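Asker: here is a sequence with its predicted model. Questions after.
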Amino acid sequence: MVTDGHNHTRHFSPDAQQSIDELIDKALKTGIQRIGITEHYEIDFPEQDGLNWMFDLDEYYKTFLDWRKKAAPIEILMGIEFGYQSHIASKIDETADKIPFDVVLLSNHLFRGRDFYDHRECYSLPKTELHREYIGIMAEMCERCDNFDVAAHYDYINRYTPNLDSFVLYEDCPREFDRFFEALISKEKALEINTKSILKHKERGFTRTMPDPEVIKRYLAMGGKMITLGSDSHESEGLGACFDETIEYLKSFGIRELFYFKNRKPYTEGIK
Ligand SMILES: [Zn+2]
Ligand SMILES: [Zn+2]
């Protein structure tokens, strides 16, 4: 099975339940041989829950050396998921160099200063206004930051959507999507397809669960080649969730390889 490039553990991510042992155990059972561990790191996160969304990077590095030994034969990649906000772009670029990461993810969990998770009112905004603003932030994130490898879950906005009508589509904000893809492609960064949104939609019985086909088509048409896959697991049941069907979906666009990062360099793996 291909690499699962986006996972969290309870040791460094305050919202994760799984331990490293549980994650490794699950990988052995499901046949996933390589896992990216990408703990949350939210600089200057607006206070909302009393949780600590940052951790000691040196301690993470030291811990990871032990994890690597005990994870074998599973290969684990030392990663981080930076939450973007406009005023911390340069801080993210600096912090990403502090320890020798394998992979650096950027994402945006916020809309007007609050996480969608507890900001469901935002879904009452007109759909195009909401999506223009959100994808516009994804574009800005990739334009302003340089020291990263992957833009994670561009469709985070879909996770808590009350119904399918507010699903983010290419046609809602083509200019913002084009800016987003232009920045990714020109900087040779990867686009993540995050299967947690797919899983959430399946659980809720939505008829559409996969990312908008027009989003994928446009990314490819603009010259995008680097796609990573991540389950965003926080508990061990999530590892590799929906991978088989997502891979089939991606293949239907002619995609024949996926990417993962090690020592901050891209590697491919075939999905024939
Ligand atoms: Zn999380
Ligand atoms: Zn995230």
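Answerer: Received it, and whenever you're ready, just let me know what you need. The structure presented is a predicted model; accordingly, all values stated were derived computationally and were not measured. Residues are numbered from 1 along each chain as shown. Ligands and ions are numbered 1, 2, ... in the order given.

Asker: contacts, neighbours, all on C-alpha from now
Answerer: OK.

Asker: helices of the stretch 151-272 of the chain, start to end?
Answerer: Remark: helices assigned in the stretch 151-272 of the chain by DSSP state H, counting those that start in this stretch are 174-186, 195-203, 213-221, 243-251.

Asker: dump those helices to CSV, plus mean pLDDT.
Answerer: Putting the helices of the stretch 151-272 of the chain into CSV (pLDDT from 0 to 100) gives the following:
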stretch, mean pLDDT
helix 174-186, 98
helix 195-203, 92
helix 213-221, 98
helix 243-251, 98
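
Asker: can I get those in CSV with distance to residue 166?
Answerer: Shown next, in CSV, are these (distance: least, Cα to Cα, whole Å):
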stretch, distance to residue 166
helix 174-186, 16
helix 195-203, 12
helix 213-221, 15
helix 243-251, 21
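
Asker: nearest to residue 61, out of those?
Answerer: Nearest to residue 61, of all the helices of the stretch 151-272 of the chain, is helix 195-203, at 26.6 Å by Cα to Cα.

Asker: what's near enough to touch residue 194?
Answerer: By Cα atoms under 8 Å, 6 or more residues apart in numbering, the residues touching residue 194 are 152, 153, 229, 230, 231, 232.

Asker: just the pLDDT for it.
Answerer: pLDDT recorded at residue 194 is 98.

Asker: on that earlier part again, which one of the helices of the stretch 151-272 of the chain lies nearest to residue 38?
Answerer: With Cα to Cα as the criterion, residue 38 lies closest to helix 195-203 of those, at 14.5 Å.

Asker: quick one: contacts of that closest one?
Answerer: So helix 195-203 is contacted by 155-156, 158-159, 208-211, 229-233, 238, 241-243, 246 (Cα under 8 Å, 6+ apart).

Asker: and those residues, which are buried?
Answerer: Buried members of these, counted by 16 or more other Cα atoms under 10 Å: 155-156, 158-159, 209-211, 229-233, 238, 241-243, 246.

Asker: I'd like the distance between residue 214 and residue 8.
Answerer: Per Cα to Cα, to the nearest Å, residue 214 is found 30 Å from residue 8.

Asker: more neighbours, those two?
Answerer: Counted by other Cα atoms under 10 Å, residue 214 and residue 8 do not tie: residue 8 has more neighbours, with 30 against 13.

Asker: rewinding a little: mind putting the contacts of residue 194 into TSV with pLDDT and distance to residue 62?
Answerer: Listed next are the contacts of residue 194 as TSV, based on pLDDT from 0 to 100; distance: Cα to Cα, whole Å:
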residue	pLDDT	distance to residue 62
152	98	25
153	98	28
229	98	27
230	98	24
231	98	25
232	98	23
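
Asker: what does stretch 126-142 contact?
Answerer: Defining contact as Cα under 8 Å, 6+ apart, one finds that stretch 126-142 is touched by 84-86, 89, 106-108, 111, 122-123, 151, 154, 157, 166, 168, 172-173, 176-177, 179-181, 183-184.

Asker: could I have the buried ones of these as PyMOL selection syntax?
Answerer: Here is the PyMOL command that selects the buried residues among those (16+ other Cα under 10 Å):
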select buried, resi 84+85+89+106+107+108+111+122+123+151+154+157+166+168+172+173+176+177+179+180+181+183+184
